[in-house]
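K.L.:
The following block contains a protein sequence and its predicted model.
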Amino acid sequence: MKKTFLIYLISFYFLCSFCASACAEDYMYRLSDDGNSMVVTGCGDAGDVLDIPSVLNGKPVTGIDAFAFMGAPVSEVILPEGIVTIDACAFLSCTGLLNVQLPGTLNTIGDMAFCETG
């Protein structure tokens, strides 16, 4: 019995340690491909204004993942300096979106990132 419980506990630990994304400050995120920064993958409760943090889990935020905020009921998006990429369809179908503050560090906006927005 103890051996079975220990196996389950170890399995749970490894499963949790390999999860692709985490949550902080109501934002979901993942480690970037280079491992040096974070990419926002979504949000629990966006509210009316989506103010993306510049740092998550001690690492700079450099990107917005594909489909991250698809259909979110936001009217304004504020992206901090340091964001370099907005992936495809990141804000697809955010029909109430009226204002977006883009940082000077932005290099790439993916296909249809703001398609079907207000």
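P.N.:
Yep, it's here. All values derive from a computational prediction rather than experimental measurement.
K.L.:
For the rest of this, base every contact and every neighbour count on C-alpha atoms.
P.N.:
Noted.
K.L.:
Tell me what the residue positioned nearest the centre of the chain is bridged to.
P.N.:
Nearest residue to the geometric centre of the chain (Cα atoms, centre = their mean): residue 40, 1.7 Å. Applying DSSP bridges to residue 40 gives these bridge partners: residue 29, residue 64.
K.L.:
and the gap between it and residue 66?
P.N.:
9 Å (Cα to Cα, to the nearest Å).
K.L.:
What is the burial count for residue 70?
P.N.:
Neighbour count of residue 70, defined by other Cα atoms under 10 Å: 20.
K.L.:
what's the pLDDT at it?
P.N.:
Looking at residue 70, its pLDDT is 94.
K.L.:
That one reaches residue 87, doesn't it?
P.N.:
No - if you go by Cα atoms under 8 Å, residue 70 and residue 87 don't touch, sitting 11.5 Å apart.
K.L.:
what sits against the closest residue to residue 115 other than its chain neighbours?
P.N.:
Excluding its sequence neighbours, the residue lying closest to residue 115 (Cα to Cα, 6 or more residues apart in numbering) is residue 92, at 5.1 Å. Neighbouring residues of residue 92 by Cα atoms under 8 Å, 6 or more residues apart in numbering: 67, 69, 70, 71, 112, 113, 114, 115, 116, 117.
K.L.:
these two touch, right, the last one and residue 96?
P.N.:
Yes - contact between residue 117 and residue 96 holds when scored by Cα under 8 Å: they sit 6.5 Å apart.
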